[in-house]
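Student: give the three-dimensional model of this entry:
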Amino acid sequence: MSSLKKNFLYVLLQQFVLLGLPFLTIPYISRILGPNGVGHYSYSFSYITLFINVFLLGSNLYAIREIANVKADSQQLSRSFSEIFLIRTGLLTIATVVYFICVPLVWKGDAVFYWQSLHLIGAFFDITWLFQGLEKFKKVVTRNITLKLMGFGSVFIFVKDEHDLVLYTIIMGAAVIIGNLALFYRLNQYVRLTLTNTVFKQHFLQMLILFIPSFSAMIYSVLDKTMLGIMSTTAQVGFYEQSYKIVYMISSLINISGVIMLPRTSSLIAEKKFEKLLQVLRNGVTVTLFLVLPIAFGFLAISKDFVLWFLGDNFKPSGTIAMIMAPIIIFKSLGVVFGSWYFVPMKKNKEYTLPIVFGAVLNFILNLLLIPRYGGAGAAIATTITEGLILAIQVWFLKDVIKLQNRAKYAIMTYLLGSMAMAIILYQFSIYGHFSLLPAILLKVVVGIIVYGAVLGLFREQLALGFVKKIFFFKSKGKSG
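Tutor: So this is what the prediction gives:
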């Protein structure tokens, strides 16, 4: 089995576990902590995420790319690892000091905010970027699965009512610290920490370049919850947060390709195999649309029933929010293909940065206009429009790069037609069918799969089906669209 296929299977296993455990914990926590407890945690977590991402600049993507570029030279690998690790440590030290100054001054010594600092401590020991750059995904996957299992078990054992919010915060932070520390086991098999002849300036400048899109992306992925907490209520943060988690939980399963393909496409570029890179990119677009179009349209049709069943009656407003955010599944999935497969490894910093910067500005403005009037739904509208704008700008930049053949264009139109037909039938099913929540959801899923498959069969579409049989392009032969 090829290393790329192994990496895909490792990360696919990880995503199933990472999605499967929240599938159990999200409804439990929603019912135990309620909208206000979930909102309080999410609001405080948004701030700690801001601190970590702001002070780490753009180091994660940069570090993966740099490690992938030098992995064949063990001496240079150790040097690059040491330099990046020391830079990150220094930046996080500053972040920790600033955060502990802010807690008593800005958040009045709120205990939840204090304990969120465990995530900052955990970030000191986060070296997943090293193993991702080396394409050693088995170690990262094992760590992530262990981490989630620890947190999962602890939540069910110790978190019993709404008064256990602080305990829940401690459990989440402690699991991150323990999981990250586990990556240091036998680290010297791969690299050695060296402090001789270190050159930090070049790394730091490149991190700053990638920081602009990283910070901009953070604005519309984290700041929405922060703004909701300031301009609305913690309950609205809770409604939005749980809908957000469900939508991004779905898209993250599809987006595992971004983690796998960044080091691989970086290697193709280093070997100057640009035609192979473009073939990979075109195949990725087609297969991604084959998967995400029916998932997004199907989720749109079942979201209200699913949210009520999954989160409980207290989170009924989350159903509408989830419907609004359903298109994000499509936007994010294609964005990962364009960004992680092409813009980042090709060092197209302008093309990678500008869409995210424009999106961040638009998102901030839309949040200011929509949150005061519509609460969580307003934040959802802002986020969906933002993701759509970012994708549109990326497509414009790539108009001369991705030139799909007619065969691929026909396939994509077939996927869209099949997805729309599925959504219409499921909507009619909702009007005339009278079932309890879970049977209705399961029946809609089955009907949706049958309708989508029937449309593809009717038009005899084989392109993406052929790709899937080969597990993307792992054994691709010949030309593709």
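Student: what strand or helix carries the spatially most central residue of the chain?
Tutor: The centroid of the chain falls nearest to residue 252 when counting by C-alpha atoms, centre = their mean (5.0 Å). Residue 252 is part of helix 234-254 when elements are defined by DSSP states H and E.
Student: and if you look at residue 113?
Tutor: Residue 113 belongs to helix 111-115, assigned by DSSP H and E.
Student: likewise for residue 209?
Tutor: With DSSP H and E as criterion, residue 209 is part of helix 201-221.
Student: and for residue 168?
Tutor: helix 165-182.
Student: chain center to that helix: distance?
Tutor: Offset of helix 165-182 from its chain centre (C-alpha atoms, centre = their mean, to the nearest Å): 20 Å.
Student: which residues touch that helix?
Tutor: Applying C-beta atoms under 8 Å, 6 or more residues apart in numbering, the contact partners of helix 165-182 are 29, 33, 37, 40-41, 44, 111-112, 115-119, 121-128, 143-144, 146-148, 150-151, 154-155, 158-159. C-beta here means a position set from N, CA and C on the backbone, and glycine is covered the same way.
Student: other SSEs contacting the one helix or strand residue 338 maps to?
Tutor: Per DSSP H and E: residue 338 is located in helix 328-338. Applying 3 or more C-beta pairs under 8 Å, 6 or more residues apart in numbering; DSSP states H and E, one finds that helix 328-338 contacts helix 234-254, helix 256-270, helix 274-311, helix 376-397.
Student: gap between that helix and the chain center?
Tutor: That offset, for helix 328-338, works out to 10 Å (C-alpha atoms, centre = their mean).
Student: quick one, it and helix 376-397 angle?
Tutor: Here helix 328-338 runs at 30 degrees with respect to helix 376-397, directions being taken by axes from the mean of the first three to the mean of the last three C-alpha atoms, to 10 degrees.
Student: which intervals of the stretch 251-400 of the chain have sub-threshold pLDDT?
Tutor: The stretch 251-400 of the chain contains residues with pLDDT under 70 at 253-267, 269-270.
Student: try it again with 80
Tutor: Under the criterion pLDDT under 80, the flagged ranges of the stretch 251-400 of the chain are 251-284, 339-350, 352-353, 400.
Student: secondary structure element holding residue 98?
Tutor: Going by DSSP H and E, residue 98 is part of helix 74-106.
Student: what is that helix packed up against?
Tutor: Counting by 3+ C-beta pairs under 8 Å, 6+ apart, helix 74-106 packs on helix 3-55, helix 59-70, helix 117-124, helix 201-221.
Student: can you flag the weakest of those helices by average pLDDT?
Tutor: Lowest mean pLDDT of these: helix 201-221, a mean of 69.
Student: contacting residues around the helix or strand following it?
Tutor: Next helix or strand after helix 201-221 toward the C-terminus (DSSP H and E): helix 223-231. The set of residues external to helix 223-231 that reach it, using C-beta under 8 Å, 6+ apart, is 39, 42-43, 45-47, 50, 236-237, 240-241, 244, 363-364, 367-368, 371-372, 375-376, 379, 382-383.
Student: skipping its backbone neighbours, what lies nearest residue 242 in space?
Tutor: Closest residue in space to residue 242, ignoring its immediate chain neighbours: residue 318 at 5.2 Å, by C-beta to C-beta, 6 or more residues apart in numbering.
Student: typo on my end, it should be residue 328
Tutor: Closest to residue 328 by C-beta to C-beta, 6+ apart is residue 387, at 5.0 Å.
Student: run a quick neighbour tally on the one you found.
Tutor: Per other C-beta atoms under 10 Å, the neighbour tally for residue 387 reads 24.
Student: just to check, it is in contact with residue 332?
Tutor: Yes - taking contacts as C-beta atoms under 8 Å, residue 387 lies within contact range of residue 332: 6.3 Å.
Student: for PyMOL, what selects the buried ones among the contacts of helix 223-231?
Tutor: Under the burial definition 16 or more other C-beta atoms under 10 Å, those of these that qualify are selected in PyMOL by:
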select buried, resi 39+42+43+45+46+47+50+236+237+240+241+244+363+364+367+371+375+376+379+382+383
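Student: got the contact list for stretch 298-306?
Tutor: 246-247, 250, 319-320, 322-323, 326, 329, 419, 422-423, 426-427, 430, 437, 440-441, 444-445, 448, 452.
Student: mind running it again at 7 Å?
Tutor: 250, 319, 322-323, 326, 329, 422-423, 426-427, 437, 440-441, 444, 448 (C-beta atoms under 7 Å, 6 or more residues apart in numbering).
Student: what's the answer for stretch 318-327, then?
Tutor: By C-beta under 7 Å, 6+ apart, stretch 318-327 touches 239-240, 242-244, 246-247, 296, 299-300, 303-304, 307-308, 311, 376-377, 380-381, 383-384, 388.
Student: so how far is it off the chain centroid?
Tutor: Worked out by C-alpha atoms, centre = their mean, stretch 318-327 lies 17 Å from the chain centre.
Student: and what of stretch 121-140?
Tutor: That offset, for stretch 121-140, works out to 16 Å (C-alpha atoms, centre = their mean).
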